[in-house]
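Asks: Let me see the structure of the following:
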Amino acid sequence: MTARYPAASQVLTRRSAIALCGSAAASVAFAPGLASAKDEGFRFGLTPVFLSNDLELLAALRAYLSEATGHPVELVSRRTYQEITALLVAGQLHAAWICGYPYVQFKSELDLVATPSWHGKPLYQSYLIAAPDRPANQWQDLKGDIHAFSDPDSNSGFLVTRALLAENGLKPEGFFARTFYTYGHRNVIRAVASGLAQSGSVDGYVWDVMREMEPGLVGRTRIVRRSEWLGFPPVASPKALAGDPRIARLKQALTTMDRHEEGRKVLALLKLDGFLATEPALFDTIAAKVDAVRRFG
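Replies: Predicted coordinates for the structure are as follows:
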């Protein structure tokens, strides 16, 4: 049950991405015969983020993107961030909604397409959460916990906490009694709410929106620590497709989503304001966390 912690620079290398791509391509959701992203149609990857299992959202998103880009869109999902990133880096997806952590790792091979806007900004936070009756007022009080992480390639669900510990001369395996990955931010909340974990690292956007949608569940957790504001998980595409007009149409579709009725329906389901064109510098704070973990080892 105890998680293993590879070095930040080794979580997903180019070689492992290409190797993963062979097995991942064989089981693409909604796209059984995945081939090269240069083929007709448009393949859009989804990591296991908030509402990714919501059928209404998937149908609305696919319909909007197909109409707005002028190409039939296939939504490709996986259990882990690593699998989607592998497909994206290998050029087997046109674009994907990923996390800031893998974007930083593969910044030289990926282009930003658009970043979600939440409460007027393309930013979010990572939360450390615990049970509401837990006598914990600061992150140091979580020492010795059974702790739930979301995914080893998640910024808010892993990297932020690992970097916090590294900056204080600590590692997860020495600070927590045990750790495990839930492979979903919803699942981190469920683990803490049910007592399976004593604390967890979770996406603050997910926690806040779920508090509105599932107050009974989220009410069985509370926030111990909020991180600084960080670049929201972006939509990215391979640099090899930089000149592809379909990427330009995707960017247009995303950044004008709030102007179209079907787009506003998608945004309402996601509880987002819209999508913005952003610069890579938005993710410099995440890159600094990767460097902090790498330096500490």
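
Asks: Put the alpha carbons of the lengthiest helix in the chain into CSV.
Replies: Assignment by DSSP state H gives helix 55-69 as the longest helix of the chain. Once non-C-alpha atoms are left out, helix 55-69 reads as follows in CSV (Å, rounded to 0.1, in the frame of the first residue of the first chain):
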residue,chain,number,x,y,z
LEU,A,55,-21.7,11.0,-19.5
GLU,A,56,-23.7,14.2,-20.0
LEU,A,57,-20.5,16.2,-19.9
LEU,A,58,-18.7,13.9,-22.3
ALA,A,59,-21.6,14.0,-24.8
ALA,A,60,-21.8,17.8,-24.6
LEU,A,61,-18.1,18.3,-24.9
ARG,A,62,-17.8,16.0,-27.9
ALA,A,63,-20.8,17.6,-29.6
TYR,A,64,-19.5,21.2,-29.1
LEU,A,65,-15.9,20.5,-30.2
SER,A,66,-17.1,18.5,-33.2
GLU,A,67,-19.3,21.4,-34.3
ALA,A,68,-16.9,24.1,-33.5
THR,A,69,-13.8,22.5,-35.1
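
Asks: Was I right to think residue 292 contacts residue 165?
Replies: No: with contacts counted by Cβ atoms under 8 Å, residue 292 stays clear of residue 165, the gap being 9.8 Å. All C-beta atoms are positioned from the backbone trio N, CA, C, and that covers glycine.

Asks: So which of those two has more stuff around it?
Replies: residue 165 (20 against 17; other Cβ atoms under 10 Å).

Asks: The closest residue in space to that one that isn't next to it in sequence: neighbouring residues, count only.
Replies: Closest residue in space to residue 165, ignoring its immediate chain neighbours: residue 175 at 5.6 Å, by Cβ to Cβ, 6 or more residues apart in numbering. Neighbours of residue 175 under the rule other Cβ under 10 Å: 20.

Asks: what stretches of the stretch 1-150 of the chain score poorly on pLDDT?
Replies: Within the stretch 1-150 of the chain, the segments meeting pLDDT under 70 span 1-40, 49-53.

Asks: for it, what spans make up the helices?
Replies: Per DSSP state H, counting those that start in this stretch, the stretch 1-150 of the chain carries helices over the ranges 14-24, 55-69, 81-89, 100-105.

Asks: Convert the last one to CSV, retaining C-alpha atoms only.
Replies: What follows is helix 100-105, C-alpha atoms only, in CSV (Å, rounded to 0.1, in the frame of the first residue of the first chain):
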residue,chain,number,x,y,z
GLY,A,100,0.5,21.4,-15.3
TYR,A,101,3.0,18.9,-14.0
PRO,A,102,3.3,16.8,-17.2
TYR,A,103,3.1,20.0,-19.2
VAL,A,104,6.2,21.3,-17.4
GLN,A,105,8.0,17.9,-17.9
